[in-house]
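> have a look at this prediction, sequence included:
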Amino acid sequence: MCSKVSKADNDLRKLLSEKRLKGDEDRKVGSEVFDRLTLETLYKLAKMGYVNQLQGAISTGKEANVFKGVDDQGNFVAVKIYRVSTSDFKKMQQYIQGDPRFNVKTSNKRQIINTWVTKEMRNLKRALEVGVKVPKPLVAKNNVLVMEFIGDDIGNPAQLMRQTIISNPDYVADKILNYVKILYNNAKLVHGDLSGYNILIDDGEPVIIDISQGVTVDNPISRELLNRDITNLVNDFKKMGVEISKDEIKSKIMDV
Ligand SMILES: Nc1ncnc2c1ncn2[C@@H]1O[C@H](COP(=O)(O)OP(=O)(O)OP(=O)(O)O)[C@@H](O)[C@H]1O
Ligand SMILES: [Mg+2]
């Protein structure tokens, strides 16, 4: 028992060691992200073996930071940490309230974020179940989501579709449209923020990420979000050299 506690303490020290957050950007992120409750959450996840080390930031977004972590088996994981200080609670509340899976009528900011993280986890699971390639979610706790790391074996994260040269654009576009179709028809979900900035390219394969705002098709805003996703895809595909119209995409998605 004693050795377990001291191992966990040790792991936490490692996890939080400034040395592990390399570079100025990461250090800045470190102090911004790690408020007391986030530290406690990471400590619990370390004790449970989900994240024993954080090895620096992959991305510093508006609302969340994504870190590369290592679990107690030595596998890379992606750790997404929502910042309570900068999250858009009004938007989160609107999306959660229209979702029949969540009956949360709270204005407590931490509760809203926790529900948001749970929603991201459930959307990822639901997408995986119908065969959409997304990072496998591993655990959601408070404002932290741990998921499969998408990248190579030595820990380089996969590139965003929008920021990489695609060698197989027709294949990639076709795969993505099929994912949107099965997400809509089988998982009954609309991603809601789909674009080349939320698709990773891993060994030539598209992987859909960042599905926290995804809504069920019976949500009143689902149609509007689907239209926006389609518009984004038309533009992104065009940049990759794949010409397809909104109407063509719509008929592909609705063709069941
Ligand atoms: N599972 C993962 N494996 C590898 N890299 C990831 C993974 N998930 C996210 N990333 C990287 O982190 C970045 C941000 O992740 P994500 O899109 O989920 O956050 P975000 O919601 O866009 O953040 P914000 O809204 O605050 O800008 C991605 O663009 C990607 O580069
Ligand atoms: Mg994103």
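Cool, got the structure. Numbers count the residues shown, from 1 in each chain. Ligands and ions are numbered 1, 2, ... in the order given.
> so which bits of the stretch 151-256 of the chain are right by ligand 1?
Within the stretch 151-256 of the chain, the residues that sit near ligand 1 (C-beta under 6 Å from any ligand atom) are 151, 157-158, 160, 198, 209-210. C-betas here are computed from N, CA, C, even on glycine.
> can you do 8 Å?
151, 157-160, 193, 197-198, 200, 207, 209-210, 212 (C-beta under 8 Å from any ligand atom).
> domains for the protein, by residue range?
As recorded under automatic domain parsing, the domains making up the chain are 2-148, 159-254.
> in a markdown table, list these along with mean pLDDT and mean neighbour count.
As requested, these are exported to a markdown table (pLDDT from 0 to 100; neighbours: other C-beta atoms under 10 Å):
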| stretch | mean pLDDT | mean neighbour count |
| --- | --- | --- |
| domain 2-148 | 82 | 17 |
| domain 159-254 | 97 | 18 |
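> whatever residue of the chain ends up closest to ligand 2 and Glu129: what is the separation?
Scanning the chain for the residue nearest ligand 2 gives Asp210, at 3.6 Å (criterion: C-beta to the ion). Asp210 is 18 Å from Glu129, where distance means C-beta to C-beta, to the nearest Å.
> likewise for Ile201?
Counting by C-beta to C-beta - Ile201 and Glu129 are separated by 23 Å.
> measure Arg110 to Val104 for me?
Taking C-beta to C-beta, one finds Arg110 at 12 Å from Val104.
> try His191
His191 sits 21 Å away from Val104, going by C-beta to C-beta.
> do Val215 as well
Noted for Val215: a distance of 15 Å to Val104, by C-beta to C-beta.
> ok, now Lys62?
As judged by C-beta to C-beta, Lys62 and Val104 stand 22 Å apart.
> swap in Met254?
31 Å.
> pull the contacting residues for Gly131.
182, 186 (C-beta atoms under 8 Å, 6 or more residues apart in numbering).
> now do the phi/psi pair for it.
Per-residue torsions, Gly131: phi 100, psi 20 (degrees, to the nearest 10).
> max-length helix in this protein?
Counting by DSSP state H, the longest helix found in the chain is helix 109-129.
> strand partners of whichever helix or strand comes after that helix, parallel vs antiparallel please.
Downstream of helix 109-129, the first helix or strand assigned by DSSP states H and E is strand 137-141. The pairing partners recorded for strand 137-141 under DSSP bridges are strand 144-148 (antiparallel).
> what distance do you get for the residue nearest to Lys136 when sequence neighbours are not counted to His191?
Nearest residue to Lys136 in three dimensions, chain neighbours excluded: Glu148, at 4.1 Å (C-beta to C-beta, 6 or more residues apart in numbering). Distance, Glu148 to His191, using C-beta to C-beta: 18 Å.
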